[in-house]
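[1] Build me a model from this:
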Amino acid sequence: LEFRRVLFRSGLRDQVAAHHAQLVAWVEHCPDNFRDRAALIGAELARLRGDPDAAIQGYDQAIRAARGHGFVQNEAIGYEVAARFHRARGQTLIADAYVREAHVRYLRWGADGKARQLRRAHPELELHAAGPAAMALRPEQLARLSVIKAVQTISSVMDQDRLSRTLLRFVLEEGGARRVVLITPRDGELAITAEARVDEAARAAAAAPAGDAHVPRSLLSYVVRTQEPVVFDAADDAGRFASDPYFAETHPRSVLCMPVRLRADSVALLYVENELVPGMFTPERLVALELLAAQAAISLENARLLERERTGRIEAEAAERRGALLGEATALLSQPLDSRGVLDALARLLTRSFADWIVIDLIEGGALTRIASAHRDPDKQHVLHDMAARYPAQSRSPVWEILETGKPFEAPVLDDDRIRAYCVDDGQLELVQ
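    Below you'll find the model as predicted:
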């Protein structure tokens, strides 16, 4: 019985091979209609004869050809068959990605029953059917509405970090990417300012250099120079960028790098990749991404202008406060008060703008004497008096260091260890804190 099954399968294989030969011949005369079909049958034959590399190449060629010539039904079949192939080889992540793409294209084709079959076969992927409102619209109309919504959302964001995260989130949703990086020029160099992956939340980066380990430098430089988007399959043919160290370490199936332009100037770069599925960045998706990038460039410029305006306003308000403080201090020092009274009033004035508490010491008879002190919180004024009475300035105090060197002393950050070094015991440390 098993021998008869082998003979039966062998006979079918011969029939399929003959059909494939016919399709290959037809490709010579009408490649637009038959190239995807010939590539898909060729991939299946390669699978049957145990040639996985040829099978993978055939599936990818079939999917690209079907997409390029508008055969969404063949594209869906190509994704589904390729998913079965990868799942049989234990490549679950790739198989799941192909099933999702097949499901989307079956819905786009109108094959609701086939899409429903995929959802039942793969409940773990949480594939979603189109809702009643969406079914009334054609797929291209849905895509346009989605892009319009994304553009409107981006246009409403005025914070630079939030804008970067929002842009990357929409690029992942609309562009078919699994990783996207936003690169901006900083001091004449390219720097990564934000990054997002499908399995991670978008995050702003600390302006890290765009090094070879994170992005393909040669590709970025080329796009900066030409101001044109570049799309290719790095795993099959990276072309002039094949020697880039990044592509030597990683082999994404789909790669896109495009400028984010404001008028004629490039204000940023988007690097987008998908390491699982080839041919993801179609002309339609490229148009959608260009619309998102154009709005992002406008919003980014508006955010920068708003930030400059906010910074200028803060600096102007600070200058105004300094001027008012200087005027009050000048008026105070011109009053006919005794020196202690003037310094005490000056300490209270300075706590309103500069510090939580202030002490003023004076050298009298070779010793330091506390002549004025003030705390921003009047209820804590007694703490300063207790500290002066119990802990006169020691030799290790910064006050003596200033007197000996004649130079100002500044500690931008005071941690517990540094404060403890200046205190005599835990009692003084508790008062200071």
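[2] Checking the residue nearest to Leu350 when sequence neighbours are not counted next. Helix, strand or coil?
    Closest residue in space to Leu350, ignoring its immediate chain neighbours: Ile358 at 5.3 Å, by C-beta to C-beta, 6 or more residues apart in numbering. All C-beta atoms are positioned from the backbone trio N, CA, C, and that covers glycine. Here Ile358 is recorded as strand under DSSP: H, G, I helix; E, B strand; the rest coil.
[3] Going forward, count from 17.
    All right, first residue 17 from here; so that's Ile374.
[4] Which strand residues bridge Ile374?
    For Ile374, the beta-bridge partners are Ala390 (DSSP bridges).
[5] cool, and the one 5 residues further on?
    The bridge-partner assignment for Ile379, based on DSSP bridges, gives Leu384.
[6] Does it touch Leu419 like I think?
    Yes - between Ile379 and Leu419 there is a contact at 7.0 Å, judged by C-beta atoms under 8 Å.
[7] Can you give me the neighbour number for the residue nearest to Leu366?
    As a burial measure, Ile374 scores 19 neighbours (other C-beta atoms under 10 Å).
[8] Tell me how far it lies from Arg368.
    Using C-beta to C-beta, to the nearest Å, Ile374 is found at 10 Å from Arg368.
[9] Could you pull up the contacting residues of the residue nearest to Leu366?
    363, 366-367, 388-390 (C-beta atoms under 8 Å, 6 or more residues apart in numbering).
[10] Three-state assignment for Phe297, please.
    Judged by three-state DSSP, the three-state class of Phe297 is coil.
[11] what does Glu91 give?
    The assignment at Glu91 comes out as helix when based on three-state DSSP.
[12] Without its sequence neighbours, what residue ends up closest to it?
    Per C-beta to C-beta, 6+ apart, closest to Glu91 is Ala82, 3.9 Å.
[13] Find the helix or strand that the one you found is a member of.
    Assessed by DSSP states H and E, Ala82 sits inside helix 68-84.
[14] pLDDT at the spatially most central residue of the chain, what is it?
    Note on the chain: the residue nearest the mean C-alpha position is Glu211, at 2.3 Å, using C-alpha atoms, centre = their mean. With respect to pLDDT, Glu211 scores 86.
[15] Ala193 is in contact with that one, correct?
    No - if you go by C-beta under 8 Å, Glu211 and Ala193 don't touch, sitting 11.5 Å apart.
[16] give me the low-pLDDT residue ranges for the stretch 317-449 of the chain?
    Counting by pLDDT under 70, the stretch 317-449 of the chain shows low-confidence ranges at 348-349, 352-356, 382, 408-413, 438, 449.
[17] So which residues of it form strands?
    If DSSP state E, counting those that start in this stretch is used as the criterion, the strands of the stretch 317-449 of the chain fall at 373-380, 383-391.
[18] Output the longest one in CSV with nothing but the alpha carbons.
    These are the backbone C-alpha positions of strand 383-391, laid out as CSV (Å, rounded to 0.1, in the frame of the first residue of the first chain):
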residue,chain,number,x,y,z
ALA,A,383,37.0,83.2,64.6
LEU,A,384,33.9,82.8,62.5
THR,A,385,30.8,84.4,63.8
ARG,A,386,27.4,83.8,62.5
ILE,A,387,25.9,87.2,61.9
ALA,A,388,22.9,86.4,59.7
SER,A,389,20.8,83.4,58.6
ALA,A,390,17.4,82.8,56.9
HIS,A,391,15.3,79.9,55.9
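[19] Pick the one among the contacts of Ile374 closest to Ile93.
    Proximity of the contacts of Ile374 to Ile93 was ranked by C-beta to C-beta; the top entry is Thr367 with 76.9 Å.
[20] what's around Ile208, how many residues?
    22.
[21] and it, helix, strand or coil?
    Taken by three-state DSSP, the conformation at Ile208 corresponds to strand.
[22] got it, and the one 3 residues further on?
    The local conformation at Glu211, judged by three-state DSSP, is strand.
[23] Give me the nearest residue to it, chain neighbours excluded.
    Excluding the flanking residues, the one nearest Glu211 by C-beta to C-beta, 6+ apart is Val197, at 4.9 Å.
[24] gap between the one you found and Leu109?
    Separation of Val197 from Leu109 (C-beta to C-beta): 21 Å.
[25] who has more neighbours, those two?
    Val197 (24 against 10).
[26] just checking, the more buried one is part of a helix?
    No - in this structure, Val197 is strand, not part of a helix, as judged by three-state DSSP.
[27] Please report how far it lies from Lys130.
    According to C-beta to C-beta, Val197 stands 36 Å off from Lys130.
[28] that older thread, show me what the residue nearest to the centre of the chain is bridged to.
    Legend: beta-bridge partners of Glu211 under DSSP bridges are Val197, Arg219.
[29] roughly how far apart are it and His391?
    For Glu211, the distance to His391 (C-beta to C-beta) stands at 47 Å.
[30] Then Ala55?
    According to C-beta to C-beta, Ala55 and His391 sit 81 Å apart.
[31] The two - which one has more neighbours?
    Ala55 (26 against 20).
[32] Name the helix or strand for the more buried one, please.
    Going by DSSP H and E, Ala55 is in helix 47-64.
[33] Mind giving me the packing neighbours of that helix?
    Where contact means 3 or more C-beta pairs under 8 Å, 6 or more residues apart in numbering; DSSP states H and E, helix 47-64 is packed against helix 18-45, helix 68-84, helix 88-104.
[34] rewinding a little: what's the closest of the strands of the stretch 317-449 of the chain to Asp402?
    Nearest to Asp402, of all the strands of the stretch 317-449 of the chain, is strand 383-391, at 10.9 Å by C-beta to C-beta.
[35] My guess is Leu285 contacts Val276. True?
    Yes - taking C-beta under 8 Å as the definition, Leu285 is a contact partner of Val276 at 6.6 Å.
[36] re the thing from before, got the buried residues for the helix holding Ala55?
    Neighbour-count burial for helix 47-64 flags 50-63 (criterion: 16 or more other C-beta atoms under 10 Å).
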